[in-house]
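J.: Compute the structure for the input listed below.
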Amino acid sequence: MQIPEGKKIYFSSDNHLGAPTREASLPREKKFVRWLDEVKEDAAAIFLLGDLFDFWFEYKTVVPKGFVRVLGKLAEISDSGIPIYFFVGNHDLWMQDYFEKELNIPTYRDVKEFTFNNKVFLIGHGDGKGPGDKGYKRMKKLFTNPFARWLFRWFHPELGMRLAQHMSVKSKLISGDDDKKFLGAEQEWLAQYSKRKLESKHYDYFIFGHRHLSMEIEVGDKSMYYNLGDWIHQYTYGVFDGNTFEIKKFE
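T.: Okay, here's the model as predicted:
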């Protein structure tokens, strides 16, 4: 994809809408909608890198209540012709085809390669990548098992949603690595994952979320790893103008 003159590609991650309560997250949802309104003016594309919701499960005829402001804004932007790409995170990994059918937003469940202006990107949420975090990786295998999803679907939505939201807040295994302190350039596990990927192919940029910390780390010759931060405390996002990538803060 060649980015048209004057256009940019935007990236955000980890809104966790609905946490700790819908009422408490509403100001964050409104702020994120303001950001979407701002970036749509010059966006060539928008990438949402997971955990948009603190919990999401799609029954055949039921989706979680709420979030109408952000869903309506995403529908508006998608309908206007600006492509939006969504990567499921560890909190919304039970997303199925609602975004694709209702909003025309393609949904990805693993990292995916994109090329913009001859720069090669590897993009994803980032959960379960790199060394360590074995407890979460085992839990993710359980949660992504088709039989486990089928079994959960038999809970009444009222009970299932209450149970899942409680676990989403309380369980470290569902959250993955909950240590939000910077581990150092050599110890950050997504930086280590990026370095391993470079052994087989060159990437100019690795763009991930999940860590809730905005960071940039040089991982190879002309290769950078960026983490987007979050929309809980940092309100940070990434932008690529066709030549350079940077992390910015939305006030």
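J.: Now the terminal residues of stretch 213-231, how far apart.
T.: 10 Å (CA to CA, to the nearest Å).
J.: Stretch 108-119 now?
T.: OK, stretch 108-119 end separation, CA to CA: 20 Å.
J.: Please apply the same query to stretch 201-211.
T.: So stretch 201-211: terminal residues 24 Å apart, CA to CA.
J.: and what of stretch 33-52?
T.: With CA to CA, one end of stretch 33-52 sits 12 Å from the other.
J.: Check which residues of stretch 197-213 are buried.
T.: For stretch 197-213, the neighbour count (16 or more other CB atoms under 10 Å) marks 197-198, 203-213 as buried. Using the backbone N, CA and C atoms, a C-beta is placed for each residue, glycine as well.
J.: Can I get those residues in CSV including secondary structure and pLDDT?
T.: CSV is the format used below for the buried residues of stretch 197-213 (DSSP: H, G, I helix; E, B strand; the rest coil; pLDDT from 0 to 100):
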residue, secondary structure, pLDDT
Lys197, helix, 97
Leu198, helix, 98
Tyr203, coil, 98
Asp204, coil, 98
Tyr205, strand, 98
Phe206, strand, 98
Ile207, strand, 98
Phe208, strand, 98
Gly209, coil, 95
His210, coil, 91
Arg211, coil, 91
His212, coil, 92
Leu213, coil, 94
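J.: so which of the residues you listed would you say is closest to Phe32?
T.: Gly209 (13.8 Å; CB to CB).
J.: ok, and the closest non-adjacent residue to that closest one?
T.: Ser13 (2.7 Å; CB to CB, 6 or more residues apart in numbering).
J.: ok, that neighbour - how many residues close by?
T.: Residue neighbour count, defined by other CB atoms under 10 Å, stands at 30 for Ser13.
J.: And Glu29, by the same measure?
T.: The burial count for Glu29: 22, using other CB under 10 Å.
J.: Next up, phi/psi of it, please.
T.: phi -60, psi -40 (degrees, to the nearest 10).
J.: That one contacts Leu17, correct?
T.: Yes: judged on CB atoms under 8 Å, Glu29 makes contact with Leu17 at a distance of 5.4 Å.
J.: Mutual contacts of those two, please.
T.: By the contact definition CB atoms under 8 Å, 6 or more residues apart in numbering, Glu29 and Leu17 are jointly contacted by 67, 70.
J.: show me where the stretch 151-251 of the chain has strands.
T.: Assigned by DSSP state E, counting those that start in this stretch, the strands in the stretch 151-251 of the chain fall at 205-208, 214-220, 223-228, 236-240, 245-249.
J.: Name the helix or strand of the protein that has the lowest mean pLDDT.
T.: helix 172-175 (a mean of 44; mean pLDDT, DSSP states H and E).
J.: Mean neighbour count, the strands of the stretch 151-251 of the chain: which tops it?
T.: strand 205-208 (a mean of 26; mean count of other CB atoms under 10 Å).
J.: strands paired with that strand, and their directions?
T.: Sheet pairing here is set by DSSP bridges, and for strand 205-208 it gives strand 119-123 (parallel), strand 223-228 (parallel).
J.: so which of the ones you listed gets nearest Phe55?
T.: Using CB to CB, the strands paired with strand 205-208 put strand 223-228 closest to Phe55, at 20.3 Å.
J.: how about that closest one as CSV, C-alpha atoms only?
T.: Output in CSV follows, covering the C-alpha atoms of strand 223-228 (Å, rounded to 0.1, in the frame of the first residue of the first chain):
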residue,chain,number,x,y,z
SER,A,223,14.5,-2.3,12.7
MET,A,224,12.4,-0.8,15.5
TYR,A,225,9.9,-2.3,18.0
TYR,A,226,7.2,0.0,19.2
ASN,A,227,4.6,-0.6,21.9
LEU,A,228,1.6,1.6,21.7
